[in-house]
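Please work out how this folds:
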Amino acid sequence: MFSFQEGTAISFARDRMVAEGDLNYATKFVRILNRLEALILPRFIARRALKRYPHDLGLKEKVTKATQIYAQATKSILLGR
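The predicted structure follows:
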């Protein structure tokens, strides 16, 4: 469960998150989590949680993609997938 109480980098540093296996895949996973946090969290919270907030993330892209993520999550919960 991801509660976004602390950033991904801090979680790894404090051994609250562990990735086993290929380092390349673990690095990609961390980058995906960081992008996800930047998209779905409000900017003022994401800036505290992330080491670097993406500069290329505009409001239109953020709202569009966050809506898509939340719609897909809601759909999967309702359909039980």
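
and the top helix by length along the chain, how far out from the chain's middle?
Criterion DSSP state H: the longest helix present in the chain is helix 59-79. When distances are taken as C-alpha atoms, centre = their mean, to the nearest Å, helix 59-79 is centred 13 Å away from the chain's centroid.

For it, which outside residues touch it?
Here helix 59-79 makes contact (C-beta atoms under 8 Å, 6 or more residues apart in numbering) with 36, 38, 39, 40, 43. Any C-beta I mention is one placed from the backbone N, CA and C, and that applies to glycine too.

For ChimeraX, what selects the buried ones among those residues?
To isolate the buried members of those in ChimeraX, using 16 or more other C-beta atoms under 10 Å:
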select :36,38,39,40
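
need the contacts of helix 59-79 in CSV with pLDDT, secondary structure and distance to residue 58, can you?
What follows is those, written out as CSV (pLDDT from 0 to 100; DSSP: H, G, I helix; E, B strand; the rest coil; distance: C-beta to C-beta, whole Å):
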residue, pLDDT, secondary structure, distance to residue 58
36, 86, helix, 17
38, 88, helix, 12
39, 88, helix, 11
40, 87, helix, 15
43, 85, helix, 11
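
Serialize the contacts of helix 59-79 to a markdown table and add fields for distance to residue 49.
Supplementary listing: the contacts of helix 59-79 in a markdown table, determined by distance: C-beta to C-beta, whole Å:
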| residue | distance to residue 49 |
| --- | --- |
| 36 | 11 |
| 38 | 9 |
| 39 | 12 |
| 40 | 11 |
| 43 | 11 |
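
biggest separation within the contacts of helix 59-79, which pair?
Set against one another by C-beta to C-beta, the contacts of helix 59-79 have their most distant pair in 36 and 43, with a gap of 14.3 Å.

Isn't residue 54 up against residue 35?
Yes: in terms of C-beta atoms under 8 Å, residue 54 counts as a neighbour of residue 35; the distance is 7.1 Å.
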